[in-house]
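Enquirer: I need the structure of the sequence given here:
(chains A and B)
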Amino acid sequence: DGGITQSPKYLFRKEGQNVTLSCEQNLNHDAMYWYRQDPGQGLRLIYYSQIVNDFQKGDIAEGYSVSREKKESFPLTVTSAQKNPTAFYLCASSLLGVETQYFGPGTRLLVL
Amino acid sequence: AQSVTQLGSHVSVSEGALVLLRCNYSSSVPPYLFWYVQYPNQGLQLLLKYTSAATLVKGINGFEAEFKKSETSFHLTKPSAHMSDAAEYFCAVSGRNNDMRFGAGTRLTVKP
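Expert: Below is the predicted model of the structure:
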């Protein structure tokens, strides 16, 4: 089955710790995206990538980092510089151009 | 910058009643507009999208939306609500790089 997978479903971070959220797709999409969702605020764009080894900052990139070494994978690292990381993180992918974005099931990050 | 505003964070209707979820957009160029639905603790699923081909757009599950340039609106409607329609709905506008900006969401409750 084609789709987007995110792991883990739940992730716990200790103070001062970096954590990495996984996003993999087998849809052969060139573009991938990371969003953060907080209650009452909708989704906010963190980073996006349209091609391997290239990515752009979204609206709330501070405290996050990404890599795009493979077309299928777009991991997101939440660094210790992100002071309020508790949120639901959603990954998406699409064809190039203005196309439908397909979303993964999300990862919920909680701070211990 | 492109943005959307969803009017009403919560909407409640009776089963069988009309569903109307409001979305207004701001864009300096002809917009590409989307409606997505999210069920609890899941990713987003596309309902429909407007890409300037036709002003009345039909989507899945009986939903439709009408693009009105004069009102800068893209409201979502369904003639008869079903219990399974209870979810959160997001309006979004896409930039030329498919970097999407979402509204804050409207939670739809359907009463029996």
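Enquirer: in chain B, which residue sits closest to chain A?
Expert: residue B:43 (3.5 Å; C-beta to the nearest C-beta). C-betas here are computed from N, CA, C, even on glycine.
Enquirer: C-terminal to the longest strand seen in chain A, what's the next element?
Expert: If you go by DSSP state E, chain A has its longest strand at strand A:42-51. Using DSSP states H and E, the helix or strand that directly follows strand A:42-51 along the chain is strand A:54-57.
Enquirer: residues touching the next helix or strand after that following strand, excluding its own?
Expert: Heading C-terminal from strand A:54-57, the first helix or strand you meet, by DSSP H and E, is strand A:64-66. Contacts to strand A:64-66, defined as C-beta atoms under 8 Å, 6 or more residues apart in numbering or on different chains, come from residues A:34, A:46-47, A:49, A:55, A:74-79, A:82.
Enquirer: if we use 10 Å, what do you get?
Expert: A:18, A:20-21, A:23, A:32, A:34, A:36, A:46-49, A:55-58, A:74-79, A:81-82, A:85, A:89 (C-beta atoms under 10 Å, 6 or more residues apart in numbering or on different chains).
Enquirer: center of the chain, which residue is that?
Expert: All of this refers to chain A. With distances taken as C-alpha atoms, centre = their mean, residue A:34 lies nearest the centre of chain A, 3.2 Å away.
Enquirer: please go with chain B instead
Expert: Geometric middle of chain B (C-alpha atoms, centre = their mean) lands on residue B:35, at 3.7 Å.
Enquirer: show me what the helix or strand where it lies is packed up against.
Expert: Assigned by DSSP H and E, residue B:35 belongs to strand B:32-38. Judged by 3 or more C-beta pairs under 10 Å, 6 or more residues apart in numbering or on different chains; DSSP states H and E, strand B:32-38 is in contact with strand B:19-26, strand B:44-50, strand B:56-58, strand B:64-68, strand B:73-78, strand B:87-94, strand B:100-102.
Enquirer: I'd like to know which elements the last one is packed against.
Expert: For strand B:100-102, the packing partners by 3+ C-beta pairs under 10 Å, 6+ apart come out as strand A:31-38, strand A:42-51, strand B:3-7, strand B:32-38, strand B:87-94.
Enquirer: which bits of chain B sit near chain A?
Expert: Selection of chain B residues close to chain A by C-beta under 10 Å from any C-beta of the partner chain yields B:1, B:4, B:6, B:9, B:31-32, B:34, B:36, B:38, B:41-46, B:48-49, B:51, B:88, B:90-92, B:94-107.
Enquirer: from these, list just the buried residues.
Expert: B:4, B:6, B:31-32, B:34, B:36, B:38, B:43-44, B:46, B:48-49, B:51, B:88, B:90-92, B:94-95, B:98-107 (16 or more other C-beta atoms under 10 Å in any protein chain shown).
Enquirer: many thanks, have a good one.
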